[in-house]
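[1] I would like the atomic coordinates for the input below:
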Amino acid sequence: MITRLISALSIALFLTRAGPLSAAEHPQPHFQQLPQITTRPTQSGIQTKEVSATDISSGIKRHIASDRKKSSDKKFHVNYRGKDLALDLIKVHDDRLSSLGGGKYFACVDMKGTGGTIYDIDFFMAGQPGSMSVTETSVHKINGKPLYNWKEEDGVWKRVRVS
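    Here you go, the predicted structure:
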């Protein structure tokens, strides 16, 4: 009897630890679990700062503001399926800022198109605190409908088709 109970608990713990295998809306884990600013020595002994959620959020806002400033219509522009989308910032989802590892980071932003359409734009960034740069943008949702989802495979988050 005790052997069966231990076996059942072991299996339950194993399945719980394995986590869900289904697709997620955005890459996880959420960045907010990390410290705001820490330093750590590199192999060369030089102190480097780890990027914080604030660094990512500020980097996204600076990137959008810079692009808007350069644009004749003062909008942020994204290419989606060959169409130029002129967008205004609604919100940076500070609760969805994530470290992807390897000095890469993720942020999700809501933006509004000229016709009132709401776009969820995924931004990928790299860099150090104060000098974050956007490496890729992708239209993730249109009016709340996802165009793709995320799935973790061997510790790496990958885009997957919406089923």
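
[2] so where's this protein shaky on pLDDT?
    1-49 (pLDDT under 70).

[3] please enumerate the helices of it.
    Assignment of helices within the chain using DSSP state H yields the ranges 2-18, 53-70.

[4] next, count neighbours for L85.
    L85: 20 surrounding residues under other CB atoms under 10 Å. Glycine gets a C-beta too; all of them are placed from N, C-alpha and C.

[5] can you tell me which residues contact it?
    Listed by CB atoms under 8 Å, 6 or more residues apart in numbering, the contact set of L85 reads H77, V78, N79, G113, Y119, V139.

[6] which of these sit farthest apart?
    The most widely separated members of these, counting by CB to CB, are N79 and G113 (13.1 Å).

[7] between those two, which has more neighbouring residues?
    Neighbours per residue, other CB under 10 Å: of N79 and G113, the larger number sits with G113, 17 against 10.

[8] I figured the more buried one hits L87, correct?
    Yes. With contact defined as CB atoms under 8 Å, G113 reaches L87; the gap is 5.8 Å.

[9] what residues of stretch 63-72 count as buried?
    H63, I64, D67, R68 (16 or more other CB atoms under 10 Å).

[10] ignore what I typed, I meant stretch 81-93.
    Quick answer for stretch 81-93 (16+ other CB under 10 Å): L85, A86, L87, L89, V92.

[11] with stretch 152-162 instead?
    For stretch 152-162, by 16+ other CB under 10 Å, it's E152, W157.

[12] what is in contact with G113 and L87 at once?
    Common neighbours of G113 and L87 (CB under 8 Å, 6+ apart) are Y119.

[13] how about the strands in this protein?
    39-41, 47-49, 76-80, 83-92, 98-101, 104-113, 118-126, 133-142, 145-146, 148-153, 156-161 (DSSP state E).

[14] could I get those strands as CSV with distance to S57?
    As requested, these are exported to CSV (distance: least, CB to CB, whole Å):
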stretch, distance to S57
strand 39-41, 20
strand 47-49, 16
strand 76-80, 16
strand 83-92, 5
strand 98-101, 12
strand 104-113, 7
strand 118-126, 10
strand 133-142, 13
strand 145-146, 22
strand 148-153, 20
strand 156-161, 19
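
[15] and of those strands, who's closest to I56?
    Among the strands of the chain, strand 104-113 sits nearest to I56 (CB to CB), with 5.1 Å.

[16] what's the residue nearest to K74 when sequence neighbours are not counted in contact with, if anything?
    The shortest distance from K74 to any non-neighbouring residue, by CB to CB, 6 or more residues apart in numbering, is to R68 (5.3 Å). Applying CB under 8 Å, 6+ apart to R68 gives the contacts K74, K75, F76.
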